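Novice: A structural model of the following input is requested.
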Amino acid sequence: MNRPLDETWFTEVFDSQGSAFSLKVNEKLLDVQSPYQHLEVYATQTFGNLMVLDGCVMLTDRDNFLYHEMIAHPALFTHQNPRRVVIIGGGDCGTLKEVLRHPGVEKVTQIDIDEEVTKAAERFFPALTESNDDPRAELLFADGVKWVDEADDASIDVLIIDSTDPVGPAEGLFKTDFLKRCHRILKPGGVMVQQSESPLYHSGSIIRELRRDMQAAGFDSVATLPFPQPVYPSGWWSVTLAGKDCDVCDFREQAAAESAMALLYYTPEAHRGALTLPPFMRQAFDV
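Specialist: Next up is the predicted model:
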């Protein structure tokens with residue numbers, strides 16, 4: 001919910017948790033109602049540009065690297081040889097940019113239903129879209145669930161579900177039936193990763209249910225990785241990995257350590273640390 005304190009602040013209120021997050025803004029840069037959602041972009045005083053979808057903060061210039069690096073690199077370094085990658089959602093193209101840092105990746109297909117998000121990113125977040133012209137990148141504006149339904153069995157190595165919160169159009173992306181279809185299109189040794197909300201607010205609900213649904217869908221291993229994300233609810237976020245015929249608690253640490261990528265957050269040490277869950281999360285997940 002967007003509830004401004006006054007004309008110079010953008011505020012997102014989380015009524016269920018009795019909390020809110022605000023950023024001081026200089027001006028509104030964009031206000032578009034697409035066929036799917038309400039898209040706004042603001043210029044803030046301290047976080048650069050801010051993108052908002054249906055009143056919820058999606059990203060800022062200042063801290064988006066945390067999310068984009070953690071939804072991409074743990075999955076890519078967990079897979080033994082990722083060549084074919086698919087991103088469902090991710091219209092701001094930040095995840096696409098991170099995936100394309102991996103030289104072994106041969107093709108990345110990004111499927112987002114709302115082209116207006118990508119247009120806004122190209123205009124107001126150009127650093128995120130600088131790899132869109134990479135010959136390995138394919139951008140489709142279509143229904144990601146339908147794309148998964150029509151994909152061939154065992155045809156991709158890594159599947160990234162870079163979705164909004166599990167409400168409205170994204171709700172189905174968190175259900176067992178969809179996860180079974182994701183399992184079907186992954187090759188043996190394939191890795192799936194999904195944004196999985198706040199480990200403080202949602203460990204005992206959304207995250208636990210997602211982990212159970214992934215296991216029910218046939219995945220052999222599951223791991224939830226928490227990381228800081230100041231502009232998201234609670235300031236703490238997570239991604240959950242699931243492996244098909246592989247253990248997602250093991251990853252190519254030496255390859256990650258030897259990588260020449262100029263990253264701002266992800267390191268093999270951060271990856272290993274994120275795999276070590278605090279006690280309250282282990283209790284919530286029954287692990």
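Novice: okay, now the domains of the protein?
Specialist: Domain assignment for the chain, taken from automatic domain parsing, gives 9-60, 64-285.
Novice: can you redo the ones you listed as CSV with mean neighbour count?
Specialist: From N, CA and C alone the C-beta is placed, and that goes for glycine too. Output for those, formatted as CSV (neighbours: other Cβ atoms under 10 Å):
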stretch, mean neighbour count
domain 9-60, 16
domain 64-285, 19
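Novice: possible to save those domains as JSON lines with mean pLDDT?
Specialist: Below are the domains of the chain laid out as JSON lines (pLDDT from 0 to 100):
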{"stretch": "domain 9-60", "mean pLDDT": "97"}
{"stretch": "domain 64-285", "mean pLDDT": "95"}
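Novice: am I right that residue 252 is in contact with residue 74?
Specialist: No: with contacts counted by Cβ atoms under 8 Å, residue 252 stays clear of residue 74, the gap being 10.7 Å.
Novice: how far off centre is the helix ranked longest in the chain?
Specialist: Counting residues, the longest helix in the chain under DSSP state H turns out to be helix 64-78. Between the mean C-alpha location of helix 64-78 and the chain-wide mean there is a distance of 8 Å, by Cα atoms, centre = their mean, to the nearest Å.
Novice: next: stretch 255-275.
Specialist: On Cα atoms, centre = their mean, the centre of stretch 255-275 falls 17 Å from the chain's centre.
Novice: over to stretch 186-200?
Specialist: Taking mean C-alpha positions (Cα atoms, centre = their mean), stretch 186-200 and its chain are 9 Å apart.
Novice: for it, C-alpha coordinates in CSV please.
Specialist: This file holds the C-alpha atoms of stretch 186-200, laid out as CSV (Å, rounded to 0.1, in the frame of the first residue of the first chain):
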residue,chain,number,x,y,z
LEU,A,186,14.8,-29.0,-16.0
LYS,A,187,17.6,-31.4,-17.1
PRO,A,188,19.0,-33.8,-14.5
GLY,A,189,21.3,-31.8,-12.3
GLY,A,190,19.1,-28.7,-12.9
VAL,A,191,18.6,-26.0,-10.4
MET,A,192,15.6,-23.8,-9.8
VAL,A,193,15.6,-20.6,-7.7
GLN,A,194,12.7,-18.5,-6.6
GLN,A,195,12.5,-15.3,-4.6
SER,A,196,10.9,-16.3,-1.3
GLU,A,197,10.0,-13.2,0.7
SER,A,198,11.2,-12.1,4.1
PRO,A,199,12.8,-14.7,6.4
LEU,A,200,11.6,-12.5,9.4
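Novice: what residue lies at the spatial centre of this structure?
Specialist: Closest residue to the average C-alpha location of the chain: residue 162 at 3.6 Å, with Cα atoms, centre = their mean.
Novice: for beta bridges, what are the partners of that residue?
Specialist: With DSSP bridges applied, residue 162 shows beta-bridge pairing to residue 89.
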